[in-house]
Each structure stands twice: as structure tokens, then as C-alpha cells.
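Novice: Quick one, what's the 3D model for this:
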Amino acid sequence: MSAMELNGGSVLAMVGENCVAIASDLRLGQQALTLSCAHDKVFRITDRCYLGMPGLASDTETLRQRFRYRTKMYELKEEREIEPETFAHLVSSTLYEKRFGPYFIEPVIAGITGPNSSEPNKPFIAAADLIGCLNFAKDFVVAGTASDKLFGMAEGLWEEGLGPDELFETISQTLLGALERDALSGWGAIVRVITPDKVIERVLRSRQD
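Specialist: Down below sits the predicted model:
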């Protein structure tokens, strides 16, 4: 079993109409042994930008602290919040610095551009591999041990122009459907829908076996 599969877990991000959603399962395991069912893999960067990090749990915590430090330094220097696309490049460069001994993390970035950007309230999602190669998408991105199942579910359920409620329903059904087929992910899920005025956060129940 590779280090990417040791702790399990999956993250999914989807684009809607002036909104974006990011969701993760809540399982923390050691191979087939479940250690916790309250392990959230998505972290707030700003009010409009969230980061999901499935992979090795120790690297997740290391990078969470590192990104928090670098984001705060950016805000002090620039006197404004970091935009999602800028943060995606920050993630990419941070991972590339350690390319010869990489962090075992596949980050997923989801957010909405700020009111002062050239295109305000524009949804943004991206994913990266271990060494920071970015993958930008206009529909959805996936990461984690259930990636192949998430791709299949998302391709069948996602469509353009989803509002916040429809986007929540779509990403929830996609994630729960994929978790049913992956032994290393599951035990509940958490979904965040990011809109220009608020972030809607809901916890989902799933099979507990």
C-alpha cells in the first residue's frame, strides 16, 4: 500500500452558477483500520477560498500550518486577501520545492474571486499532484483514494448552471455514491457551498461499516 492510501480519504470540488462546492469524507484510517470518523480534510484559507488535502495525515497537518503562515504573510504584505488562483500557485510552488522528497498530498482548491478582482464572484477550482502540477477545470476536480469512482459519478450527475441548492445536492450524491464503493473512504462527509455572501456547511451521514 502506498503512502497516499495509508490514511485513506477523498475530496471533491464542483463549480456552479456563481458558487462553488468542496466536500470531503470524514474517515481517518491506518490501512483497513478506522481510527476516527471526524477527520475533516478541508480547511478555510479565506472566507472565499478553501483547501482540501487528502493523503498522508501527518503531511496534511504540516502543510495546513505552512499554508496558514504563507497566506498571513501575503495578506500583511499585500494588504488584501489572497485570491483563489493566486493561492493555487502558492500551493504549487510550495509542493514543487519538495519535489525530491514530496509531501504525500493531493490538494484541491475551491473558491470565488473577490469583489475587487477583474472578474468578481467567478468560481474557481483546481487540483494538483504531489509535486504541484496544477489541473484547472471548469466542472469538477477529484482527489484521494476514491478518485476513479468520483470521476464516474461526477460525469453522470454534474451539469452547467447549478444554483447553490442544486450544487449541494449534486456534490452530495456524487460523493456518497463514490464512498459506497471505496473501503478506505467514508464514515460520513462534510460539504461546503461557497457563495458571494456566505458559506453553507452541512454534514452528511453515510454507511458506518
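
Novice: From the centroid of the protein, which residue is nearest?
Specialist: G52 (3.0 Å; CA atoms, centre = their mean).

Novice: Which residue is the nearest non-sequential neighbour of that residue?
Specialist: V11 (3.5 Å; CB to CB, 6 or more residues apart in numbering). Where C-beta positions appear, they are placed from N, C-alpha and C, glycine not excepted.

Novice: what's the offset of the helix or strand harbouring that neighbour from the middle of its chain?
Specialist: Using DSSP states H and E, the element containing V11 is strand 10-15. Strand 10-15 sits 6 Å away from the centroid of its parent chain (CA atoms, centre = their mean, to the nearest Å).

Novice: Stretch 64-76: how far from the chain's middle?
Specialist: 18 Å.

Novice: no, scratch that, I was asking about stretch 195-204
Specialist: On CA atoms, centre = their mean, the centre of stretch 195-204 falls 14 Å from the chain's centre.

Novice: got the contact list for that stretch?
Specialist: 18-19, 47, 112, 115, 121, 164, 168, 172, 175-176, 188-193 (CB atoms under 8 Å, 6 or more residues apart in numbering).

Novice: what sits against G156?
Specialist: So G156 contacts nothing (CB under 8 Å, 6+ apart).

Novice: that's a strand at Y69, yeah?
Specialist: No - under DSSP: H, G, I helix; E, B strand; the rest coil, Y69 sits outside any strand and is assigned helix.

Novice: Start at 692, not 1
Specialist: Got it, first residue is 692 now, which makes that one Y760.

Novice: got the contact list for the lowest-mean-pLDDT helix or strand in the chain?
Specialist: Lowest mean confidence among the helices and strands of the chain (mean pLDDT, DSSP states H and E): helix 694-697, at a mean of 81. Identification of contacts with helix 694-697 by CB under 8 Å, 6+ apart yields Q721, Q722, G746, L747, F795, E797, T836, L875.

Novice: related to what we said a few turns ago, relative to K732, how far out is the residue nearest to G743?
Specialist: Distance from V702 to K732, counting by CB to CB, to the nearest Å: 6 Å.

Novice: Return the residues in contact with P793.
Specialist: P793 neighbours (CB under 8 Å, 6+ apart): L786, L821, I822.
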